[in-house]
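1. The sequence and its predicted three-dimensional model are supplied below.
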Amino acid sequence: MMSKKSPQLRFEGFTDDWEERKSKDIFKPKIRKGEPDLPVLSVTQTSGVVYRDEVGIDIKYDISTLKNYKVIEPNDFVISLRSFQGGFELSDKLGITSPAYTIFVPKSPEEQNNLFWRIQFKRFQFIQSLKTVTFGIRDGKSISFNEFGDLKIKFPSNILEQQKIGAFFKELDNTIALHQRKLDLLKEQKKGYLQKMFPKNSEKVPELRFEGFADDWEERKLKDVTERVRSNDGRMDLPTLTMSASSGWLDQKDRFSGDISGKEKKNYTLLKKGELSYNHGNSKLAKYGVVFSLTNYEEALVPRVYHSFKALENTSADFIEYMFSTKLPDRELGKLISSGARMDGLLNINYDDFMNIHISIPNYEEQILMSAFFRKLDENIALHQRKLDLLKEQKKGFLQKMFV
């Protein structure tokens with residue numbers, strides 16, 4: 001099978017085959033030491049080359065150690081200790097870093113475009129190719145320049161084509177970063193509203209309210225405003241869902257690449273749109289579990305181990321969901337746990353104890369306004385998430401088609 005000599009997708013005017021050469025023919029190692037007064041740098045996968053104090057690592061160095069550190073300059077390439085996970089970075093800073101890192105630069109800078117090579121080194125196919133010249137993945141050890149130098153890499157010899165590819169992906173990365181910042185900002189705004197629009201423990205009114213509402217919120221038990229939902233009507237052809245702390249309700253086919261309910265499915269609970277479940281599983285995002293209302297399905301089957309329930313008259317299910325997302329009930333939920341998580345990962349919180357926790361609740365009209373406000377915010381977050389996911393998929397496609 002003949003290997004490809006040019007990419008599937010190219011900028012207009014470029015038709016020559018790409019070259020294949022060993023990395024050591026294009027790049028050279030860089031080892032410059034003896035400048036201990038420069039700031040110490042770290043190489044991260046999420047933020048590239050950063051100042052060490054920005055990642056919260058407080059290590060005291062003696063002068064003899066720092067004298068042995070390697071100097072990194074802007075436009076130097078650095079191979080981090082996570083080289084097999086894409087740890088090739090292009091520096092934009094001047095500083096020094098651990099001798100464990102491998103630093104290299106083009107032999108002929110005028111013939112190579114660093115932005116092109118930055119993308120080339122981050123490609124999945126390139127990272128996979130590292131295994132062909134080394135002895136497999138080694139935690140905590142960067143590959144050496146000799147190992148890197150034996151890699152064969154295909155690239156356009158025309159610097160103009162390199163520049164166009166580099167600039168294209170730089171612009172795409174900037175757009176992705178912009179959408180990520182917008183998404184992060186929206187999530188922070190939601191977090192802030194959740195803190196201000198629900199009363200803190202022991203307080204009777206929230207810090208921020210819709211105009212026209214001034215009455216104290218009532219303290220009730222959860223069982224006073226909800227009732228249990230259990231069993232099913234025998235239909236087994238309904239969507240089978242699972243709950244994620246980060247994403248809410250997910251079809252098991254999407255989450256696990258198949259329906260994992262098995263024989264247990266006949267015992268699943270039939271949940272209808274607007275009804276709720278409490279997944280009392282412990283996770284990093286939700287120490288005491290999560291509550292979600294069913295919004296994207298008219299009916300679905302959910303695991304029996306979830307505590308499923310529905311809101312009574314003059315109570316909004318969406319309000320209940322958002323109230324739990326504030327984590328305000330966590331204090332009471334924490335007191336209910338008699339021991340750690342069970343073997344199945346569920347906390348020892350039974351239905352009756354769960355229903356006896358105290359919640360603070362406003363009148364129905366205010367509940368509805370708050371629910372609509374947070375649903376709109378969630379829809380906006382979901383929209384930005386879809387845009388971001390689409391951009392990442394587009395980048396993935398371009399990487400496959402614009403490189404050999």
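-> Cool, got the structure.
2. Quick check: end-to-end length of stretch 295-306?
-> 17 Å (Cα to Cα, to the nearest Å).
3. And the average pLDDT for it is what?
-> Stretch 295-306 carries an average pLDDT of 96.
4. In that stretch, which residues are buried?
-> 297, 300, 301, 302, 303, 304, 305, 306 (16 or more other Cβ atoms under 10 Å). Every C-beta, even on glycine, is put in place using the N, C-alpha and C of the backbone.
5. Which helix or strand contains the second one?
-> This means residue 300. Take DSSP states H and E as the rule and residue 300 turns out to sit in strand 299-302.
6. Pass me the low-pLDDT residue ranges in the stretch 251-400 of the chain, would you?
-> For the stretch 251-400 of the chain, applying pLDDT under 70 flags the ranges 338-345.
7. In it, what residue spans correspond to strands?
-> For the stretch 251-400 of the chain, the strands defined by DSSP state E, counting those that start in this stretch cover 269-272, 276-279, 290-293, 299-302, 307-311, 358-361.
8. Give me the contact list for the fourth one.
-> Going back to what we said before, that points to strand 299-302. For strand 299-302, contacts defined as Cβ atoms under 8 Å, 6 or more residues apart in numbering pick out 232, 236, 238-243, 249, 261, 265, 268-273, 277, 294, 308.
9. now do the longest one
-> Strand 307-311 is contacted by residues 225-230, 269, 271-272, 274-278, 280, 302, 317, 320, 349, 351, 354-355 when judged by Cβ under 8 Å, 6+ apart.
10. what about 7 Å?
-> 225-230, 269, 271, 275-278, 280, 302, 317, 320, 351, 354 (Cβ atoms under 7 Å, 6 or more residues apart in numbering).
11. now could you export just the CA positions of that strand as CSV?
-> This file holds the C-alpha atoms of strand 307-311, laid out as CSV (Å, rounded to 0.1, in the frame of the first residue of the first chain):
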residue,chain,number,x,y,z
HIS,A,307,-35.4,8.0,44.5
SER,A,308,-38.1,9.1,42.1
PHE,A,309,-40.8,11.6,43.0
LYS,A,310,-43.1,14.3,41.6
ALA,A,311,-44.1,17.8,42.7
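12. In it, which residues are buried?
-> Buried, per 16+ other Cβ under 10 Å, within strand 307-311: 307, 308, 309, 310, 311.
13. how near is the second one to residue 74?
-> In other words, residue 308. 57 Å (Cβ to Cβ, to the nearest Å).
14. Dump the strands of the stretch 251-400 of the chain to JSON lines, plus distance to residue 126.
-> Putting the strands of the stretch 251-400 of the chain into JSON lines (distance: least, Cβ to Cβ, whole Å) gives the following:
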{"stretch": "strand 269-272", "distance to residue 126": "46"}
{"stretch": "strand 276-279", "distance to residue 126": "40"}
{"stretch": "strand 290-293", "distance to residue 126": "39"}
{"stretch": "strand 299-302", "distance to residue 126": "43"}
{"stretch": "strand 307-311", "distance to residue 126": "48"}
{"stretch": "strand 358-361", "distance to residue 126": "53"}
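15. give me every residue that touches residue 116.
-> Contact analysis of residue 116 by Cβ under 7 Å, 6+ apart lists 162, 165, 166.
16. please redo it, this time with the cut-off set to 10 Å
-> 155-156, 159, 161-170, 403 (Cβ atoms under 10 Å, 6 or more residues apart in numbering).
17. again, but for residue 33
-> 66, 67, 68, 69, 70, 71, 96, 99.
18. closest to residue 362 among the residues you listed?
-> If you rank those by distance to residue 362 using Cβ to Cβ, residue 96 comes first, at 57.4 Å.
19. Now the phi/psi pair for that closest one, please.
-> phi -130, psi 150 (degrees, to the nearest 10).
20. beta partners for it?
-> residue 40, residue 71 (DSSP bridges).
21. In this structure it contacts residue 70, no?
-> Yes. Here residue 96 reaches residue 70: they are 6.4 Å apart, a contact under Cβ atoms under 10 Å.
22. Which neighbours do these two have in common?
-> 32, 33, 34, 35, 41.
23. Just the buried subset of those residues, please.
-> residue 41.
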